[in-house]
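*Asks:* Just a sequence and a predicted model for now, questions to come.
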Amino acid sequence: MPENEPNEIAPVDLSSLAGEHAAARGLEDKVADALIAKGLIRPRGRNTRALWWQAIAATVLLVLGFAVGRVWHPVVPKPQTTFVLLLREQGNWRPATTADEERRRVDEYRAWARQLRGEGRIVDGLELLPGARALGDGSVSDTGIAGFFTFSARTLDEALAVARTCPHLRYGGQVEVREGAG
């Protein structure tokens, strides 16, 4: 550069660029992707309506897949647990006053047990005779348990719901719910 004109740029010979030169392979796609990413241009050739329908179709297939999966591989419910209802004749217990009333109560308890069997609960039970004794520490006393039922339920809450329907409660008796260990 001449010293008397410090701000001027020396002319460049561009004659060698007279013909077209091919861009580096993939450069055009990289530039287009960068411009799309910055939001300066919209992508060309993409049908947004078709993409929308593809998204809807994928969602429908996903939901159907879950539904079919539940049919072929249903959710396995929690296994049943055995519970015991101990029937106590304490507190406000009102014993039957006649033989007919006693038979009616026994029939009511049996019908209740049949209903539970019909619901798929394994029911067993037994009326216990009075005069039970507890042994162990030298003392002997009546336990107050008049009978018991065993049945199946999935949870303690479900077992309590079953216990609330026991006829023993209608006569002022107490029902103790205990979960079996095995």
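*Replies:* On my side now, so go ahead.

*Asks:* Which other helices and strands does whichever strand or helix holds residue 87 contact?
*Replies:* For residue 87, the enclosing helix or strand under DSSP states H and E is strand 81-88. Under the contact criterion of 3 or more C-beta pairs under 8 Å, 6 or more residues apart in numbering; DSSP states H and E, strand 81-88 touches strand 145-153, helix 156-163, strand 174-179. Quick note: C-beta positions are derived from backbone N, CA and C, even for glycine.

*Asks:* Quick one: list the elements packing against the lowest-mean-pLDDT helix or strand in the chain.
*Replies:* Ranking every helix and strand in the chain by mean pLDDT, DSSP states H and E puts helix 48-72 at the bottom, with a mean of 74. Helices and strands touching helix 48-72, by 3+ C-beta pairs under 8 Å, 6+ apart: there are none.

*Asks:* Low-confidence bits of this protein, can you list those?
*Replies:* Scanning the chain for pLDDT under 70 picks out 1-7, 14-23, 44-50, 69-78, 138-141, 182.

*Asks:* For residue 103, which residues are in contact?
*Replies:* Listed by C-beta atoms under 8 Å, 6 or more residues apart in numbering, residue 103 has no contact partners.

*Asks:* and the angle from the helix or strand encompassing it to helix 156-163?
*Replies:* Using DSSP H and E, residue 103 falls within helix 99-118. Put simply, helix 99-118 runs at 150 degrees to helix 156-163, going by axes from the mean of the first three to the mean of the last three C-alpha atoms, to 10 degrees.

*Asks:* Tell me the buried residues in helix 99-118?
*Replies:* 105, 109, 112, 113, 116 (16 or more other C-beta atoms under 10 Å).

*Asks:* Using a markdown table, lay out those residues together with distance to residue 124.
*Replies:* Listed next are these as a markdown table, based on distance: C-beta to C-beta, whole Å:
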| residue | distance to residue 124 |
| --- | --- |
| 105 | 19 |
| 109 | 13 |
| 112 | 13 |
| 113 | 8 |
| 116 | 10 |
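
*Asks:* hey, what's the nearest residue to residue 169 once chain neighbours are set aside bridged with?
*Replies:* Distances taken as C-beta to C-beta, 6 or more residues apart in numbering put residue 175 closest to residue 169, at 5.9 Å, once the chain neighbours are dropped. Residue 175 forms beta bridges with residue 87, as assigned by DSSP bridges.

*Asks:* Would you check that residue 125 makes contact with residue 167?
*Replies:* No - contact criterion C-beta atoms under 8 Å: residue 125 and residue 167 do not qualify, at 11.6 Å.

*Asks:* can you list residues touching both of these two?
*Replies:* With C-beta under 8 Å, 6+ apart, residue 125 and residue 167 have common neighbours residue 109.

*Asks:* So which residues make contact with the host helix or strand of residue 31?
*Replies:* Remark: residue 31 resides in helix 27-37, with elements defined by DSSP H and E. Contacts with helix 27-37, where a contact means C-beta under 8 Å, 6+ apart, come from 41, 42, 43.
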